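Asker: Quick one: sequence plus predicted model below, questions after.
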Amino acid sequence: MGWFPALAATIEGPLGAERADALSTLVNPLSVVRQNVHKRYLLELERAGVPVVPTLLFERGDAVSLGAVLQDRGWPEAVIKPAIGARSWRSLRAGVKTLAEGQAHLDALVAERDVLIQPYLCAVEDHGERSLIWIDGVLTHSIRKEPRFSDDVENVSRDAVAPPEGAAQIVDAAIGAIDGDLLYARVDVVPDDAGRLVVMELELVEPSLFFAQDASALARFARALVRRASSR
């Protein structure tokens, strides 16, 4: 049998992860894939005590007032995004000054799918979002990412950067909340308005692991694949 990382952001269809798991082995298990494709996992992480960006989940068909959310939560701006998606697909930053645009975007999304609304954290602009790469039990490296919304080109640091203070602890907490034998993970974090590091995403389904920024992480990943395959 061949060995593959989790193949896609969907677990359905002829090339979905369920078929891949039946024909081969997912190195992050199917149970983890099922859980991680829908961003409700952020709420589950929060219940497990992991610090995450405040997240509101609305189900398809819900009537949602963006203005009411901003007022009730005291958020000057928010990010609206699909609960299942990748590469910042159909994500939008909106606030009081762009309320009509934001509401229209929210209405269109929630008519089709589950939606998340989160506060826009200004630290993504100066400090930058940090992607913390975890391979085979070890935090291997970190990169800096610029803010990114729908149709934006991803802009990341050319070289690895030092993980922020507290990175190892938040990675351990996030990974420890997952029930499954993981080979790899990417934990995207940013400081909140109080300076506390919070999880924005826990990527366990085929994320970019930024091996170009750390060749030793790639070597570790390859060795782990060989070891796992040899033990089967």
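Answerer: Nice, I can see it.
Asker: Could you pull up the mean pLDDT of the longest helix seen in the chain?
Answerer: Determined from DSSP state H, the single longest helix within the chain is helix 215-230. Helix 215-230 shows a mean pLDDT of 94.
Asker: Output it as PDB, nothing but the C-alphas.
Answerer: What follows is helix 215-230, C-alpha atoms only, in PDB (Å, rounded to 0.1, in the frame of the first residue of the first chain):
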ATOM      1  CA  ALA A 215      15.300  21.500   5.500                       C
ATOM      2  CA  SER A 216      15.900  19.600   8.700                       C
ATOM      3  CA  ALA A 217      12.100  19.500   9.300                       C
ATOM      4  CA  LEU A 218      11.600  17.900   5.900                       C
ATOM      5  CA  ALA A 219      14.300  15.300   6.700                       C
ATOM      6  CA  ARG A 220      12.500  14.600  10.000                       C
ATOM      7  CA  PHE A 221       9.200  14.200   8.200                       C
ATOM      8  CA  ALA A 222      10.700  11.800   5.700                       C
ATOM      9  CA  ARG A 223      12.400   9.700   8.400                       C
ATOM     10  CA  ALA A 224       9.100   9.400  10.300                       C
ATOM     11  CA  LEU A 225       7.300   8.300   7.100                       C
ATOM     12  CA  VAL A 226       9.800   5.600   6.500                       C
ATOM     13  CA  ARG A 227       9.700   4.400  10.100                       C
ATOM     14  CA  ARG A 228       5.900   4.200  10.100                       C
ATOM     15  CA  ALA A 229       5.800   2.500   6.800                       C
ATOM     16  CA  SER A 230       8.500   0.000   7.900                       C
END
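Asker: buried residues in that helix?
Answerer: Buried residues in helix 215-230, counted by 16 or more other C-beta atoms under 10 Å: 217-218, 220-221, 224-225. Any C-beta I mention is one placed from the backbone N, CA and C, and that applies to glycine too.
Asker: just stretch 178-194 next, same as before
Answerer: Within stretch 178-194, the residues that count as buried by 16+ other C-beta under 10 Å are 178, 182-192.
Asker: Can you tell me how far D62 is from G85?
Answerer: Distance of D62 to G85, given as C-beta to C-beta, to the nearest Å: 17 Å.
Asker: Show me which of the two is the more surrounded one.
Answerer: Neighbour count, other C-beta atoms under 10 Å: between D62 and G85, G85 has more, with 19 against 12.
Asker: what about the spatially closest residue to L218 that is not a sequence neighbour, neighbour count?
Answerer: Computed as C-beta to C-beta, 6 or more residues apart in numbering, the closest residue to L218 that is not its neighbour in sequence is F211, at 3.9 Å. Neighbours of F211 under the rule other C-beta under 10 Å: 18.
Asker: For the spatially most central residue of the chain, name its beta-bridge partners.
Answerer: With distances taken as C-alpha atoms, centre = their mean, E201 lies nearest the centre of the chain, 2.6 Å away. Beta-bridge pairing for E201 (DSSP bridges): D188.
Asker: rewinding a little: state the phi and psi torsions of the residue nearest to L218.
Answerer: When read as degrees, to the nearest 10, the backbone of F211 gives phi -70, psi -20.
Asker: Okay, domains of this structure per the record?
Answerer: 3-37+123-230, 56-119 (automatic domain parsing).
Asker: could I get these as CSV with distance to E46?
Answerer: Listed next are the domains of the chain as CSV, based on distance: least, C-beta to C-beta, whole Å:
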stretch, distance to E46
domain 3-37+123-230, 9
domain 56-119, 11
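Asker: what about those domains, which gets the closest to G49?
Answerer: domain 3-37+123-230 (7.0 Å; C-beta to C-beta).
Asker: thinking again about what came up before, what helices or strands is the longest helix of the chain leaning on?
Answerer: When contacts are defined as 3 or more C-beta pairs under 8 Å, 6 or more residues apart in numbering; DSSP states H and E, helix 215-230 packs onto strand 3-4, strand 129-135, strand 138-145.
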